[in-house]
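Trainee: predicted model follows, preceded by the sequence.
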Amino acid sequence: MRRVARGPVLVLTFDPRRLDCWWLNEYVPELFLGEAPRYPTIDALREAIGGATRVIPVPVPLDCVDGFTEAFYGRPEAFLDDAVRAAQSAWQFAEAEAVRSGLAGLADDLADGMWDRRYGSLRTQPEHLGAIRLVVGTPS
C-alpha cells in the first residue's frame, strides 16, 4: 500500500480481536468465531501500510443507519428480523442450529425483560466503541 500511495493510507476495518466483545457474543458466539479469521490483524495492517501508523477506534452512533452488525448494539430486536440478518455477511459463517438456538435465547430474554435488565442502558447510549478501527498510515 505504501508503495503506491503518495500521502496517508486509510483503512477502515474491524479488529478481529474485538469482534466478540459485546452482548451478541453471549447469544451466538459462533458468529464471531467464523467472522474473525476474515479480517487481517491490526498489526498485519500496520506492517502492510508501513510508515508511521495510528489506530483510531471508531464509535458507532445509536441511530446508525448502516446495516452492519454493531450498528444494532442498542436495538437487539433487529437481529430477530430475517431481512436484517440476510444483509449481514457474518451470519452466513455460523451454523444454522447455532443461529437458531442463539436467536431463540435472545427472543426469550427480550420477552421476559432479561436483556433489558442486563443491557438496557445500550438503548439510550449515544455511541458504542466496538471493533471498528481506522488505521492511518503516513509516510516515514
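Mentor: Nice, I can see it. Residues are numbered from 1 along each chain as shown.
Trainee: now the lowest-mean-pLDDT helix or strand in the chain: buried residues?
Mentor: Sorting the helices and strands of the chain by mean pLDDT, DSSP states H and E puts helix 29-35 at the bottom, at a mean of 91. Residues Glu30, Leu31, Phe32, Gly34, Glu35 are the ones in helix 29-35 that count as buried (16 or more other C-beta atoms under 10 Å). Where C-beta positions appear, they are placed from N, C-alpha and C, glycine not excepted.
Trainee: how about those residues in JSON lines, adding distance to Ala44?
Mentor: Listed next are the buried residues of helix 29-35 as JSON lines, based on distance: C-beta to C-beta, whole Å:
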{"residue": "Glu30", "distance to Ala44": "24"}
{"residue": "Leu31", "distance to Ala44": "22"}
{"residue": "Phe32", "distance to Ala44": "18"}
{"residue": "Gly34", "distance to Ala44": "19"}
{"residue": "Glu35", "distance to Ala44": "16"}
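Trainee: so which of these comes closest to Gln92?
Mentor: Gly34 (8.1 Å; C-beta to C-beta).
Trainee: spit out the contact partners of the residue lying closest to that closest one once chain neighbours are set aside.
Mentor: Spatial nearest neighbour of Gly34, excluding adjacent residues (C-beta to C-beta, 6 or more residues apart in numbering): Phe93 at 2.9 Å. Contacts for Phe93 were tallied using C-beta atoms under 8 Å, 6 or more residues apart in numbering; they are Glu30, Leu31, Gly34, Glu35, Arg38.
Trainee: ok, Pro59 next?
Mentor: Per C-beta under 8 Å, 6+ apart, neighbours of Pro59: Glu127, His128, Leu129.
Trainee: mind listing what's buried in the helix ranked longest in the chain?
Mentor: In the chain, with assignment by DSSP state H, the single longest helix is helix 96-111. Residues of helix 96-111 classed as buried by neighbour count (16+ other C-beta under 10 Å): Ala98, Val99, Gly102, Leu103, Leu106, Ala107, Asp109.
Trainee: and those residues, which is closest to Glu70?
Mentor: So of the buried residues of helix 96-111, ranked by how close each gets to Glu70 (C-beta to C-beta), first place is Leu106, at 15.7 Å.
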